[in-house]
Every structure is written in structure tokens, then in C-alpha cells.
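Here is my input; please provide its structure:
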Amino acid sequence: MDQKEITVEALADLVGGRVVGNGAKKITGFAPIETAGLDDVTFLADKKRLSLLADKEFDTVIVPHDVEEAFGKILIQVRNPYLAVALIHNYFLEKPFVAKGVHPRAFVGEGSRLGKEVTVAPMAVIGDNVTIGERVLIESGAVIGDNVSIGDDTVIHANVTVYKECVIGNRVSIHSGTVVGSDGYGYATDEKGEHVKRPQTGIVRIGDDVEIGANACIDRAAYGETHIKAGGKIDNLVHVAHNVVVGENCLLVAQTGIAGSTTLGRNVVMGGQSASSGHIHIGDRVMIAGRGAVHNDQPDGALLGGTPAIDFKQWAKASAVFNKLPALQAAVRKNSKAIKQLQGSVDGEDNKGESGK
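I've put the predicted structure just below:
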């Protein structure tokens with residue numbers, strides 16, 4: 001494979017940075033500080049740790065914008081080193097799509113339309129009347145149900161299942177073991193206590209530039225759509241229930257669960273093992289700390305923690321007190337006992353006074 005080569009100046013232009021030093025230096029890769037070589041670019045996010053750059057082989061470092069000098073290294077000054085690293089690392093890893101066509105051991109159903117540039121790996125199964133765009137990779141063991149639509153530049157990793165009639169956008173990545181479009185959890189209970197299944201006849205719609213981790217479950221709607229809007233990033237082992245709407249650019253961290261018919265605004269962040277009840281609205285830019293459980297509507301910009309979730313600052317104060325509760329309880333008992341004794345003494349003196357009258 002041909003190695004990419006780019007000047008420091010061009011890398012700085014790519015990330016909106018400023019070069020201090022030799023901008024004509026040629027860079028051929030990215031690596032962390034521990035392993036970076038002479039022609040690699042590396043990064044340092046915390047200027048307090050500049051000493052890590054001393055006596056290292058590499059020449060070029062991405063640094064915060066207020067770092068002006070670091071052991072004679074060539075610097076790319078940026079406002080957000082982590083964002084710059086992501087852009088540069090992706091640049092070096094990016095490869096042109098190689099279309100291998102449909103493997104003889106894959107199955108494609110009747111009436112399906114596949115782009116001219118696709119790769120369908122062995123043992124993948126594509127149902128009837130499926131539409132697949134250009135530069136799409138379907139890995140081994142993936143199952144694509146009837147009447148599914150998949151946009152351009154999408155990757156369906158091994159052993160993913162996409163149930164019938166679901167819609168997958170452009171530049172989507174779905175990792176192994178994830179299930180898109182399984183039935184939502186809906187039952188009605190009769191007078192005998194027996195549970196009657198409510199039909200789940202809707203679909204799942206996944207917008208452009210969404211990434212879904214491994215072993216996540218996105219349930220189809222009871223009717224209408226479960227919708228993951230553009231730019232969402234969903235971690236491993238997340239469950240999104242029927243008729244949920246996840247707004248643009250939301251982050252759902254591992255083991256998050258969202259109950260049915262809840263809607264999330266834009267740029268919501270739900271920490272690991274957090275959850276929401278059903279039929280509520282969580283506004284734009286809300287952040288929920290790990291294990292937080294939201295039970296009611298939340299306004300834009302709310303910061304929440306705890307179960308049930310409350311204002312984050314209040315939750316942090318309550319958490320700090322929690323470890324002190326045994327000592328506080330002992331102090332309350334001791335003080336209560338002392339108050340009783342004091343009250344007894346006061347009552348005794350009052351009784352003596354009454355007797356002397």
C-alpha cells in the first residue's frame with residue numbers, strides 16, 4: 001500500500017492550526033508519543049506535561065494554541081488537540097473503497113438493487129427488494145431483511161441484523177452483533193393477567209453519519225418510526241426502544257436504555273448505564289451523568305445526575321454527604337439522647353417548682 005505523505009503546513013491547514021517551525025517537513029503517519037517516529041506527527045493535549053516531549057525521536061507535535069515552544073519541536077498549535085488528532089488520524093487511515101462485488105457464497109434475494117461498487121462478503125444474506133447504494137460493505141454473517149434501504153458509503157459489520165423495511169442512511173457504520181428493527185416491547189394485559197402482544201408494524205430510520213457500536217438493539221416502532229437522526233454516536237450494548245426519536249449528534253454511552261416514545265433533542269449526552277422512562281422529552285444539549293435515571297421532561301441545557309435524576313450540582317452535593325450518613329446518624333442518635341436527658345432534667349425542675357407553690 002502506498003504511504004501517504006503530507007507537509008506540516010498542509011496538516012495545519014487541514015485542522016485550522018498554526019505552524020511554529022518548519023512547515024515544509026514531510027509527515028507520513030500519526031502515532032502516540034510513546035511510539036512516534038521521526039516522520040510521524042504526535043500530540044500533547046495538556047501543556048503541563050510538556051516534559052514528555054523531551055529526548056524523543058519525533059519532530060512534530062500537535063499542541064494547545066498557547067504552547068509556543070517545546071524542546072525545539074515543530075508545533076501545530078490548535079484550540080482543540082483531540083479534534084485535530086481525530087481529523088489527522090482519519091486522514092492517514094482513509095483508504096479508497098475497493099469494490100469486490102458479491103461473493104459467490106453470499107445470498108441476494110429477488111428484486112434487490114445493488115450499487116455498482118459494493119462488497120458483499122461470504123455468508124451475508126440480503127433479502128428481496130433491498131436497495132443498496134454505492135461503496136457499501138456488507139460483512140460476513142450480516143442479514144439484511146426484505147425491502148431494506150441502505151445509503152452510500154455505509155459499512156454493515158459481521159453478524160449485524162437489519163430487519164425488514166428499515167432505512168439506513170449514508171456513511172453509517174453498524175458494528176457486529178447489533179440488531180436494527182426487532183420488535184418493540186409492547187403488550188396489553190387481559191383480565192386473566194395474560195399478556196397480549198401489541199403488533200410492532202413500524203420501522204427504524206437511521207440518518208446519515210450515524211455510528212452504532214456492537215450488540216446494540218434499536219427496536220422498530222409500534223407504528224411510524226423509531227428514528228436515530230444524523231450524526232448520532234451510539235456505544236456498545238445500548239437499547240433504544242420503539243418510537244424513540246434521538247436528535248442530531250447525540251451521544252449514547254454504553255448500556256444506556258431509552259424507554260418507548262421518548263424524544264431527545266440535539267446534542268444530548270447520556271452517560272454509561274443511564275436511562276430514561278418512556279413518553280418524555282429531553283431537550284437540546286442535556287447531559288446525564290452515568291447511571292442517571294430521568295423520569296420527566298427536561299429543558300434545554302439541563303445537567304443531571306442521580307436516580308431519580310436531579311440537578312447535577314445538587315446530586316454532587318448529595319453524593320458527597322452520602323458517605324457521611326452513618327456518622328451523621330450516630331451523631332443524631334447521640335444528640336437525641338442528650339436532648340431527652342436534658343428535657344427530663346428540665347421537666348424535673350419544673351415539677352419541683354410546682355410542688356413548692
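
For the rest of this, base every contact and every neighbour count on C-alpha atoms.
Fine.

Next, the contact list for T161, please.
Shown in contact with T161 (Cα atoms under 8 Å, 6 or more residues apart in numbering): 142-145, 177-180.

Kindly give the local confidence score, pLDDT, for it.
Note for T161: predicted pLDDT of 98.

From T201, how far out is it?
Remark: distance between T161 and T201 (Cα to Cα, to the nearest Å) = 17 Å.

And the helices in this structure, which stretches?
For the chain, helices defined by DSSP state H occupy the ranges 8-15, 81-93, 312-322, 325-356.

Redo these as a markdown table? Include mean pLDDT.
Conversion of the helices of the chain to a markdown table gives the following (pLDDT from 0 to 100):
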| stretch | mean pLDDT |
| --- | --- |
| helix 8-15 | 98 |
| helix 81-93 | 97 |
| helix 312-322 | 91 |
| helix 325-356 | 78 |
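
quick one, which of those is packed in tightest?
Highest mean neighbour count among the helices of the chain (mean count of other Cα atoms under 10 Å): helix 8-15, with a mean of 19.

State the number of residues packed around E117.
As a burial measure, E117 scores 19 neighbours (other Cα atoms under 10 Å).

What residues of stretch 33-53 count as buried?
The neighbour-count check on stretch 33-53 (16 or more other Cα atoms under 10 Å) flags 33, 36-37, 39-45, 53 as buried.

Tell me which of the contacts of T161 fall in strands.
143-144, 179-180 (DSSP state E).

Now a PyMOL select for only the buried ones of those residues.
This is the PyMOL syntax for the buried subset of the ones in strands among the contacts of T161, where burial follows 16+ other Cα under 10 Å:
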select buried, resi 143+144+179+180
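
Can I get the ones in strands among the contacts of T161 in CSV including pLDDT?
Formatted as CSV, these follow (pLDDT from 0 to 100):
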residue, pLDDT
V143, 98
I144, 98
V179, 98
V180, 98
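
Could I get the ones in strands among the contacts of T161 in TSV, plus columns for distance to V130?
Output for the ones in strands among the contacts of T161, formatted as TSV (distance: Cα to Cα, whole Å):
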residue	distance to V130
V143	11
I144	8
V179	17
V180	15
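
can you tell me which of the ones in strands among the contacts of T161 lies nearest to D300?
Nearest to D300 among the ones in strands among the contacts of T161: V180, at 28.6 Å, using Cα to Cα.

The closest one is in contact with A221, isn't it?
No - V180 is beyond contact range of A221, at 11.0 Å (criterion: Cα atoms under 8 Å).

Mind listing the shared neighbours of the two?
V204.

G23: what's it in contact with?
7-9, 74.

distance of S51 from I144?
52 Å.

picking that back up, switch the contacts of T161 over to TSV; also include distance to V332.
Compiled in TSV, those are given as follows (distance: Cα to Cα, whole Å):
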residue	distance to V332
A142	62
V143	62
I144	63
G145	64
G177	53
T178	52
V179	53
V180	54
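
Among those residues, which pair sits farthest apart?
G145 and G177 (15.2 Å).

Name the nearest residue to D39, ignoring sequence neighbours.
I27 (5.0 Å; Cα to Cα, 6 or more residues apart in numbering).

What of T28?
Nearest non-adjacent residue to T28 (Cα to Cα, 6+ apart): E5, at 4.6 Å.

roughly how far apart are that neighbour and S173?
As judged by Cα to Cα, E5 and S173 stand 27 Å apart.

Who has more neighbours out of the two?
S173 (21 against 13).

what are the bridge partners for the more buried one, then?
V155, E211 (DSSP bridges).

V269 too?
Under the criterion used (DSSP bridges), V269 bridges to L251, M287.

Kindly tell me how buried it is, as a neighbour count.
Using other Cα under 10 Å, V269 is surrounded by 22 other residues.

For it, give me the pLDDT.
So, for V269, pLDDT stands at 98.

In contact with it, which residues?
With Cα under 8 Å, 6+ apart, V269 has these contacts: 250-253, 285-288.

measure it to A289 for me?
Applying Cα to Cα, the value for V269 to A289 is 8 Å.

go on, L53?
34 Å.

Surely the residue nearest to T28 touches K25?
No - contact criterion Cα under 8 Å: E5 and K25 do not qualify, at 10.0 Å.

Noted, bye for now.
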